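1. Give the three-dimensional model of this entry:
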Amino acid sequence: MRWILLVAGLLLAPMVSAAQETPEQVVQRYFETFRSGDFAANAAMMDPAALAELKTAMVGVADATGVSADETQAHLRETFGVQNTAELRALEPAVLYERMLRSVLGQGEMREVLSGARVNALGHVLEGDTAHVVYRMSMQVMGNSIDQVQVAPVRRVDGRWRVLLTGSFAAMINAMPAAGIEP
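-> Down below sits the predicted model:
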């Protein structure tokens, strides 16, 4: 009986610790997924509502690009691994986000920059169910050192902290209808 309890305790320990992660730990882990290139793990840390909002925006952009069908198809294939907007609509939001990250950040110079980036979460400020995590990011870009303090929002969803889109990205999505693009 003691062995069963011991094994159960070992199996459940990671679940308990994940549920008790601080906003700072979540942001540290989130940026570690960028460093390691584990975009599936990155997508799993995102707020599902934020990913749904992103998907709606990306489908809207694909529908309203104003470029030739061939160019749109090439872009969809390159970025999302789909042939058309119908296939894009069929993707789960987390899969769409993962594929987008992999396409934009998964190779070349961006991959190199991200793999060397360092993030240090400094603290957070609570605002309702959202924590704004202040962090310092340091990286090398084309031989230049960049060191800046930024904020990453996280929200508690089903007992776990989940990463939100940044305010500037959310504002860009919300501005799309004004620009004639229906998300």
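
2. Could you point out the helix or strand that follows the helix or strand where Lys55 lies?
-> With elements taken from DSSP states H and E, the one containing Lys55 is helix 48-63. Using DSSP H and E, the helix or strand that follows helix 48-63 in sequence is helix 69-80.

3. contacting residues around Glu21?
-> With contact set as CB atoms under 8 Å, 6 or more residues apart in numbering, Glu21 has these partners: 29, 160-161. The way it works is simple: take the backbone N, C-alpha and C, and place the C-beta from them, glycine included.

4. Nearest to Ser138, out of those: which one, please.
-> Distance ranking of the contacts of Glu21 against Ser138, using CB to CB, places Arg29 first at 17.6 Å.

5. I'd like the distance between the closest one and Phe80.
-> The span separating Arg29 from Phe80 equals 25 Å under the rule CB to CB, to the nearest Å.

6. can you point me to the longest strand in the protein?
-> strand 144-157 (DSSP state E).

7. average model confidence for whichever helix or strand comes after that one?
-> Moving toward the C-terminus from strand 144-157, the first helix or strand encountered (DSSP H and E) is strand 160-163. Per-residue pLDDT values over strand 160-163 give a mean of 96.

8. ok, now stretch 93-102?
-> For stretch 93-102, mean pLDDT rounds to 93.

9. Residues contacting stretch 100-111, please?
-> If you take CB under 8 Å, 6+ apart as the criterion, stretch 100-111 is touched by 34, 37, 39, 42-43, 58, 78-80, 114.

10. try it again with 7 Å
-> 34, 37, 39, 42, 78-80, 114 (CB atoms under 7 Å, 6 or more residues apart in numbering).

11. Can you convert those into TSV and add a column each for distance to Thr22 and neighbour count?
-> TSV is the format used below for the contacts of stretch 100-111 (distance: CB to CB, whole Å; neighbours: other CB atoms under 10 Å):
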residue	distance to Thr22	neighbour count
Phe34	19	21
Gly37	25	16
Phe39	23	21
Asn42	18	23
Glu78	38	9
Thr79	34	17
Phe80	33	22
Leu114	23	17
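
12. and of those, the nearest to Arg156?
-> When the contacts of stretch 100-111 are compared for distance to Arg156 (CB to CB), Asn42 comes out closest, at 18.6 Å.
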